[in-house]
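In: Fold the following and give me the result.
(one chain, ligands or ions: 1)
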Amino acid sequence: MKSVLIGVGQAGGKVVDALSDFDAQNGFGAVIGSLAVNSARSDLQSLPLDTVLIGGSRVNGHGVGGDNELGTEVMREDSQEVLGAIDGRVTARAEAIFVVAGLGGGTGSGGAPFLVKELKRIYDVPVYGLGILPGRDEGSLYQVNAGRSLKTLTREADATLLVDNDAWRSAGESLESGYEAINERIARRVGLLLAAGEAVDGVGESVVDSSEVINTLHGGGVATLGYAAAEVADDASANVNVVTSTTRRALRSGLSLPDTTSAERGLLVVAGRPEVISRKGVERARSWMEAELDTMEVRGGDFPLSDGRLAALVLLGGVANSDRLDGFLERARQAAREEEEREEEDAASAFQEDRLDGLL
Ligand SMILES: Nc1nc2c(ncn2[C@@H]2O[C@H](COP(=O)(O)OP(=O)(O)OP(=O)(O)O)[C@@H](O)[C@H]2O)c(=O)[nH]1
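Out: The predicted model follows:
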């Protein structure tokens, strides 16, 4: 799926960089344009991408410090410049635009939904959000910001693909030190999804194409992506169980939004050498996904690759049930309540002090 990637904020820029790099290194050609937008100059300087600095007159290149309302404001004020920079990149070849952001910060969480809305007014191609949810140990400001941002992003975007920052982190890997590794995993998985149907090695029997990705995301809401890979035998007939068990792992333990148990639509992409992909395995895996997700709409297709391993990539659109998402929303609500209580206490104590001042 020929895509233009726009990163907003620090995480957004780094993930777009990792994705563009993955696509270029593999020669897929699915990423046809990229741009990083931020209110922090230093974050932009370290990226090998075209960049736009926003909010210069407000925050002087220092970022918005987690203030997501300010993040929206600076994007609104400088939106013409951002849209101008995007304009030349969304050519007639573009099939989708992805706006990528960490939803817990200020610039990305506040700026991304506003930018999505503007892009949707201008372009006919779908505009998707790729949102990174804060891990469960991140502070309450991150949870509150992400809760608010998720609500607007899912309303504005054609679909919002969520990656929970705890999902693709290895055991023992701290979040800070693990960003690079997490970004590489995001790049590999999302990069393969975008590349499915693009530059492929050889001709498969039923090659997936971009319209299947678009149809799976069509209808909006939250989407999640799962991935697992395994070694394969050289003969497809010996790989029925490899396809089914890899698909099961992708869905049960490889999702970007873990513990998703039902969705409106699904897509199974099996990547590997065409001669080792078992058709029977793909059909069984697809039926299993339909039963597992409680939907009749699971598409399927191959992604011929010369890679020695076989990978299953599952995309779920219109996520209906996810314990992880529910857990996050509860954390965000709780953090918002605590923030409100703190604000009320601050206001009350200021009032008491004012009264005392007046009496003295
Ligand atoms: N996966 C991943 N998450 C990141 C990365 N950098 C930051 N995050 C997450 O993104 C959220 C913070 O968003 P940032 O992108 O740093 O913030 P920002 O949008 O630049 O906003 P301000 O810094 O407030 O101006 C937190 O939940 C972080 O855990 C990264 O490189 N990869």
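
In: Near the ligand, which residues of the stretch 1-150 of the chain? Just list them.
Out: 9-11, 14, 38-40, 63-66, 102, 104-108, 132, 134, 138, 142 (C-beta under 6 Å from any ligand atom). Using the backbone N, CA and C atoms, a C-beta is placed for each residue, glycine as well.

In: for the helix or strand bottoming out on mean pLDDT in the chain, which positions count as buried?
Out: In the chain, no helix or strand scores lower on mean pLDDT, DSSP states H and E than helix 323-359, which sits at a mean of 81. Using 16 or more other C-beta atoms under 10 Å as the test for burial, helix 323-359 gives Arg324, Leu325, Phe328, Leu329, Arg331, Ala332, Ala335, Ala336.

In: Near Gly178, how many other residues are there?
Out: 18 (other C-beta atoms under 10 Å).

In: Quick check: nearest residue in space to the most centrally placed residue in the chain, chain neighbours excluded?
Out: Closest residue to the average C-alpha location of the chain: Leu130 at 2.8 Å, with C-alpha atoms, centre = their mean. Nearest non-adjacent residue to Leu130, counting by C-beta to C-beta, 6 or more residues apart in numbering: Val100, 4.3 Å away.

In: One more: Tyr142?
Out: Of all residues not flanking Tyr142 in the chain, Gly104 sits nearest, at 3.3 Å (C-beta to C-beta, 6+ apart).

In: and what of Trp168?
Out: With C-beta to C-beta, 6+ apart as the criterion, Trp168 has its nearest non-adjacent residue at 4.3 Å, and that residue is Arg185.

In: Can you tell me how far the one you found is from Gly191?
Out: Separation of Arg185 from Gly191 (C-beta to C-beta, to the nearest Å) stands at 10 Å.

In: about what we covered before: reduced to three states, what does the residue nearest to Tyr142 come out as?
Out: coil (DSSP: H, G, I helix; E, B strand; the rest coil).

In: secondary structure element for Tyr128?
Out: Using DSSP states H and E, Tyr128 maps to strand 127-133.

In: Quick one: list the elements packing against that strand.
Out: Judged by 3 or more C-beta pairs under 8 Å, 6 or more residues apart in numbering; DSSP states H and E, strand 127-133 is in contact with helix 9-25, strand 96-102, helix 107-122, helix 140-156, strand 159-164.

In: Switch those over to CSV; also include mean neighbour count and mean pLDDT.
Out: Output for the helices and strands packed on strand 127-133, formatted as CSV (neighbours: other C-beta atoms under 10 Å; pLDDT from 0 to 100):
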stretch, mean neighbour count, mean pLDDT
helix 9-25, 24, 98
strand 96-102, 28, 98
helix 107-122, 25, 98
helix 140-156, 22, 96
strand 159-164, 26, 98
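
In: so which of the ones you listed comes closest to Gly55?
Out: For Gly55, the closest of the helices and strands packed on strand 127-133 is helix 107-122, at 7.7 Å, according to C-beta to C-beta.

In: which element is Pro34 on?
Out: Pro isn't right for residue 34; it's Ser. Assigned by DSSP H and E, Ser34 falls in strand 31-38.

In: In its sheet, which strands sit next to that strand, and in what direction?
Out: Note on strand 31-38: by DSSP bridges, its sheet partners are strand 3-8 (parallel), strand 51-53 (parallel).

In: Next, the angle helix 9-25 makes with it.
Out: Here strand 31-38 runs at an angle of 160 degrees relative to helix 9-25 (axes from the mean of the first three to the mean of the last three C-alpha atoms, to 10 degrees).
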